[in-house]
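> Quick one, structure for this:
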Amino acid sequence: MKIHIKYMVSFRCKLAVKEELVKLKLGFTSIELGEVTLKKNIHAEDRESLRKALLKKGLELMDDKKSMLIEKTKTVIIELIHYAEKYPKVNFSEYLSEQLDYNYTHLSNLFSEVTGTTIVNYIIINKIERVKELLLYDELTLTEISFLMEYSSVAHLSHQFKRVTGLTPTYFKQLKQFKKRIQLEEL
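Take a look at the predicted model:
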């Protein structure tokens, strides 16, 4: 049985979910971002106990099909931008359609309807958060970051960065304030 969990976007979230499943003695076979595969169906009382425990940790069980698809879409985007070694050679719309097995127009319309923002904007925000992270690590040049994040040029990256943050990447790097980063859970 699969259950879907909203706001489960990091390794820390996976650990929190695992901890609660173990406490409640709910057997599972896998824990992925946004999704847990349980060994068997759970009773309503156990589901309610899990729901309450997850809420205390800032996570939510999802039942609504639209919400589940939106969270899966967010998870695919986050995994690709923040955790993948390299971007695929197809554009994001093709990649999302392929990964989620839905028409991109349907995904895009649903995403906008439910979240109030577009998939493209969500991708841009995540890419800029990843760029901030890479800038703070201070291991790569802006040119290398631009290449790694699949921007067409440093100018394109800089323009998008300034539009989202109000700062140039160079100025942001000089600030070195970690409080400028948005937690993935808040995106």
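
> Next one: residue 97 relative to residue 12, how far apart?
Noted for residue 97: a distance of 30 Å to residue 12, by CB to CB, to the nearest Å. Placement of C-beta: from N, CA and C, glycine included.

> When those two are compared, which one has more neighbours?
residue 97 (17 against 13; other CB atoms under 10 Å).

> Same question for the host helix or strand of the more buried one: list its buried residues.
Assigned by DSSP states H and E, residue 97 belongs to helix 92-100. Within helix 92-100, the residues scored as buried using 16 or more other CB atoms under 10 Å are 92, 93, 95, 96, 97, 99, 100.

> Alpha carbons of it, in CSV - could you do that?
Extracted C-alpha coordinates of helix 92-100, given in CSV (Å, rounded to 0.1, in the frame of the first residue of the first chain):
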residue,chain,number,x,y,z
PHE,A,92,11.7,20.1,-18.2
SER,A,93,8.2,19.7,-19.8
GLU,A,94,9.2,16.5,-21.5
TYR,A,95,11.0,15.2,-18.4
LEU,A,96,8.0,15.9,-16.2
SER,A,97,5.6,14.3,-18.6
GLU,A,98,7.8,11.2,-18.9
GLN,A,99,8.4,10.9,-15.2
LEU,A,100,4.8,11.4,-14.1
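
> Contacts made by it with the rest, please.
69, 72-73, 76-77, 80, 88, 90, 102-104, 107-108, 119-120, 123 (CB atoms under 8 Å, 6 or more residues apart in numbering).

> pLDDT below threshold where in this protein?
176-187 (pLDDT under 70).

> how many other residues sit next to residue 61?
Residue 61 has 17 nearby residues by other CB under 10 Å.

> all helices of this protein, in order?
11-23, 44-56, 65-78, 92-100, 104-115, 119-137, 142-148, 154-165, 169-175 (DSSP state H).

> Now distance to residue 5 too, for these, in CSV please.
Shown next, in CSV, are those (distance: least, CB to CB, whole Å):
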stretch, distance to residue 5
helix 11-23, 6
helix 44-56, 7
helix 65-78, 8
helix 92-100, 17
helix 104-115, 17
helix 119-137, 19
helix 142-148, 30
helix 154-165, 28
helix 169-175, 32
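
> I'd like to know which of the ones you listed is closest to residue 36.
Comparing the helices of the chain by their distance to residue 36 (CB to CB), the top pick is helix 11-23, with 6.3 Å.

> Can you tell me which helices and strands the closest one packs against?
strand 28-32, helix 44-56 (3 or more CB pairs under 8 Å, 6 or more residues apart in numbering; DSSP states H and E).

> If we use 10 Å, what do you get?
strand 2-6, strand 28-32, strand 35-38, helix 44-56 (3 or more CB pairs under 10 Å, 6 or more residues apart in numbering; DSSP states H and E).
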